[in-house]
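A.B. asks: Sharing a model that was predicted from the sequence below.
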Amino acid sequence: MTKVFIPRDSAALSVGADEVAAKIIKIAAKQGLDVTVVRTGSRGMLFLEPLMEVETAAGRIGYANVTPEMVEDLLAAGALSGASHASTIGQVESHEYFARQNRITFARVGIIDPISITDYEAHGGLAGLRNALAKTPESIVEEVTESGLRGRGGAGFPAGIKWKTVLLATSDQKYICCNADEGDSGTFADRMLMEGDPFTLIEGMIIAGIAVGATKGLIYVRSEYPHAISIFNEAIAVANSSGLLGSSVLGSAHEFNLEVRVGAGSYVCGEETAMLESLEGKRGMVRAKPPIPALVGLFGKPTVINNVMTLAAVPMILAQGAAAYQSLGHERSRGTQVFQLAGNIKQGGIVELAFGTTLGELVDGFGGGTLSGRPVKTVQIGGPLGAYLGKSDWNVPMAYESLAEVGGMLGHGGIVVFDDTVNMAKQARFAMEFCAEESCGKCTPCRIGSTRGVEVIDRIVAGEEQSKNLELLSDLCDVMADGSLCAMGGLTPLPVRSALKLFPADFGISVGVK
Amino acid sequence: MSNYSEESILNYLGPYKGDTSTILRSLQLIQELLGYVPDSALDLVAKNSGVSRAEVYGVFTFYSDFRSTPPAKAVVKVCVAEACQASGNAELISGLHDHGYDIHNGSVKDDIQMEQTFCLGNCALGPSVMVNGAPMGRATCDKVLAAAKAASV
C-alpha cells in the first residue's frame, strides 16, 4: 500500500487540493492501485500548493502545484514510487525553503493527519502534558517563565508572569481563553496550526489549565475560518473520547473541558477585552484596564488569555525543558517566531525561525522577492496596525525590541510585501478607513479620530493647505495613540505615520516629513 | 420565518434558556438555521435569554456577519485587506464592478451576492475569495464569476 498525502488546509483547498485528492482516488480505483490518500495540514510552502507527497523508502517525495488534469500523467510516470516528473521537488524535507527552518511549533504541521491522536503521539505529542502532570502548578509556571516565552498575539507580554498572576488569584472558577481571532491581514499561522495540528493547541491549553488551576477552556475562532473551526471541533471530539479532555485528563485528578466559540465578523474582537465581551455574548466593546483580565476576566473570573501560537509553544517547552526553548532567539525575544510571508511575494508561506533573522532574509532569501517581479517598495509587518518598513530596514533583526527601535512592531509575525506600484497615501488612508470601519466605538479618539483621519489625508493628497493639514494629522495621530483605550485606535497611527515618513512623495509632499 | 415556526426556534434555543451570555450564540444559531435573522427572532432571543430586545438588537447590529434579509443563493466574500491589495485585488474588484457587482455595498444580481471582507487568512495566495464558504486563491474575475454562477444554481 502506498500512502499519498494531500493537504486539507484551506489555503491548499483554495487552489484545488480537494479536486486533486478526488482525482487520485478515482484513478487509483480504476487502475486497481493500492493507494491510501491521507489528508494532512500544509507544510507551509504555500507557493507549492497543492503539494502532493508520496511515502517512499527515501522519505516523502513531493510534487508541486498539482492539478487534477496532471494526476493521470503523474501516476503513469511512476509518482507512486517517487519517480521523477517535471513537477517533482524531490524529498520534501530537503527542500531549501523547509530545510533551513527551525520547526518547533509547526513541527508536525503538514506531516500528520491532524485528527489522528495516534499520529500525534507517534510524532512526540503529549510528552509535554505527561511531564506537566508530574509537576506542581508552580513548577509548570516556573518552566514557562524560564523559557522566556512571550505572548505571540502582538503585545509580547511574558506568558509566565501572566500565568503566575492567575495561579495566585483565588477563585471558585478560572478560565483559559485562547485568542484565535486572527484578523490581521497577512497572518494565517493560527489557522494553519488549527487545521494542521490542533492537538498541539489542545495540549497547550490543558497544560495552562493545570498550571493555573482552570478547568474550563474556550477558544474564540473567527467566523472567516470555517475549516479551522470544523477540524478543531473534530479534534476536540477525539480528545474527549480518548480521555485527553474531560473529568480526568489522561487518567489524572485534573479536569479540563474545552469549547469552541465562533466570532461574527468583528476585527476588534481580537483585542482581548473585546473578545471577553464577545465570549459573554455581548457587543465586542473594549473594556478599560485595569482591572487586568488575569484577575477580572471572563465572567469576572481570573482568566489566562493567550494567542494560539503562545499556547502551541507550551507543549514543546514542557517536553524538552525551558532551557531548550530559551537557547533560541535574540536578546529578550526567546524561542522561535512563526513568520508568515504574504501579499505580493513569490514564495509565500510559513517560515518558523529563531528570533533574530533579518527582514531581508525572510523577504528575499525565503520569499524570493515579489511575485510580480517588480522591486519591493515596502513591507507591512504586524497587520493593519503595524508600521510600513522599507529596504533601509532590511538588516534589522526580527525581534520585539529591535523592530520597535526602528518604529516597527512584530505583531503576530505577518509580513505583507508590496511592489513599487503601491501608493502609500492610499495605504495610509486605508489604515484610517479600516479603523473607522472596525472601531468598537467606545472611545472617542478611535471612533471619531479615524474618520477625521481619512478626511485630513484626503485634504493633504488634494494639496489643500498641506503644512497646516500635516500638522493636524500629526496632532490627530498623537491623540489617537495616547488617548485610545486599546491598540485599535492606539496603533492605527503607526502605518499612517510610517507611510508618510518613508514615502512623502506619494502624498504629494516634496519636503521631508519629520 | 417561512419554514420555521416560533415554537421550533424556541425549541432550538432551549439549551440557552435563561442564560444572558447566550445572545450572540442564539443569533448565530438562528442565522445558521434560516440564513438570516428575521426581526421577529430578536424578540424570541430576548425572551429566551431573559434580556431586553434592545440588548439583543445591540448585539445583532454590532457584528457584520448578521443579515436581516435572506441571503442570495451564492454569497461571495471578496477580501479587501492589505495582503490582497498587495497581490492586485483592485483588478478583480473593478472587473466584478463591470459585471454589476459593487462589493463595497454587497450588491446582489442573478441570485449572487458579492460582499467585501477583511481577511480570509489566505494571504500568500491572494487575491482571496470565498464562495459559499469554499476558499478560492489567486482569484480572477472570470474564476469568481464562474464559481458564483455554479453556486447560484
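C.D. replies: Looks like it arrived, so ask away.
A.B. asks: What sits closest to the closest residue to chain A within chain B if chain neighbours are left out?
C.D. replies: Among all residues of chain B, residue B:124 sits closest to chain A, at 2.7 Å; criterion: CB to the nearest CB. Yep, even glycine has a C-beta here, placed from its N, CA and C like the rest. Excluding its sequence neighbours, the residue lying closest to residue B:124 (CB to CB, 6 or more residues apart in numbering or on different chains) is residue A:348, at 2.7 Å.
A.B. asks: and the one you found, how many neighbours does it have?
C.D. replies: 32 (other CB atoms under 10 Å in any protein chain shown).
A.B. asks: again, but for residue A:331
C.D. replies: 12.
A.B. asks: again, but for residue A:206
C.D. replies: Around residue A:206 there are 30 residues (other CB under 10 Å).
A.B. asks: try the one 5 residues further on
C.D. replies: Each residue near residue A:211 was counted by other CB under 10 Å, and the total is 28.
A.B. asks: which residue packs closest to it, ignoring adjacent ones?
C.D. replies: residue A:140 (4.0 Å).
A.B. asks: My guess is the one you found contacts residue A:315. True?
C.D. replies: No. Using CB atoms under 8 Å, residue A:140 is not in contact with residue A:315, being 11.7 Å away.
A.B. asks: care to break chain B down by domain?
C.D. replies: B:6-62, B:74-151 (automatic domain parsing).
A.B. asks: So, low pLDDT: which residues of the chain?
C.D. replies: Answering for chain A, as no chain was given. A:511-514 (pLDDT under 70).
A.B. asks: Chain B, not that one
C.D. replies: Judged by pLDDT under 70, the stretches of chain B that qualify are B:1-3.
A.B. asks: and the closest residue to chain B within chain A, what does it touch?
C.D. replies: Here chain A gets closest to chain B at one residue, residue A:348, 2.7 Å apart by CB to the nearest CB. By CB atoms under 8 Å, 6 or more residues apart in numbering or on different chains, the contact list for residue A:348 reads A:46-47, A:341-342, A:367, A:371, B:123-125.
A.B. asks: Centre-most residue in chain A?
C.D. replies: residue A:189 (3.2 Å; CA atoms, centre = their mean).
A.B. asks: Which residue lies closest in space to that residue, excluding its sequence neighbours?
C.D. replies: Residue A:189 sits nearest to residue A:338 (CB to CB, 6+ apart), 4.4 Å away.
A.B. asks: My understanding was that the one you found contacts residue A:413; is that so?
C.D. replies: Yes. With contact defined as CB under 8 Å, residue A:338 counts as touching residue A:413 (5.9 Å).
A.B. asks: The two: who's more crowded?
C.D. replies: Each of residue A:338 and residue A:413 has its neighbours counted (other CB under 10 Å); residue A:338 has more, 29 against 26.
A.B. asks: Please, which helix or strand holds that one?
C.D. replies: strand A:336-343 (DSSP states H and E).
A.B. asks: And the strands in chain B?
C.D. replies: B:74-79, B:108-109, B:112-117, B:129-131, B:134-136 (DSSP state E).
A.B. asks: ah, wrong one, I meant the stretch 101-250 of chain A
C.D. replies: Taking DSSP state E, counting those that start in this stretch to define them, one finds strands in the stretch 101-250 of chain A at A:175-180, A:216-221.
A.B. asks: Contact partners for residue A:367?
C.D. replies: A:341, A:345-348, A:417.
A.B. asks: oh sorry, the question was meant for residue A:271
C.D. replies: Here residue A:271 is in contact with A:286, A:486-488 (criterion: CB under 8 Å, 6+ apart).
A.B. asks: cool, and residue A:368?
C.D. replies: By CB under 8 Å, 6+ apart, the neighbours of residue A:368 are A:345-347.
A.B. asks: neighbours around the nearest residue to residue A:207 once chain neighbours are set aside, how many?
C.D. replies: Spatially, and ignoring its direct neighbours in sequence, residue A:207 is nearest to residue A:132 (4.7 Å; CB to CB, 6+ apart). Residue A:132: 29 surrounding residues under other CB under 10 Å.
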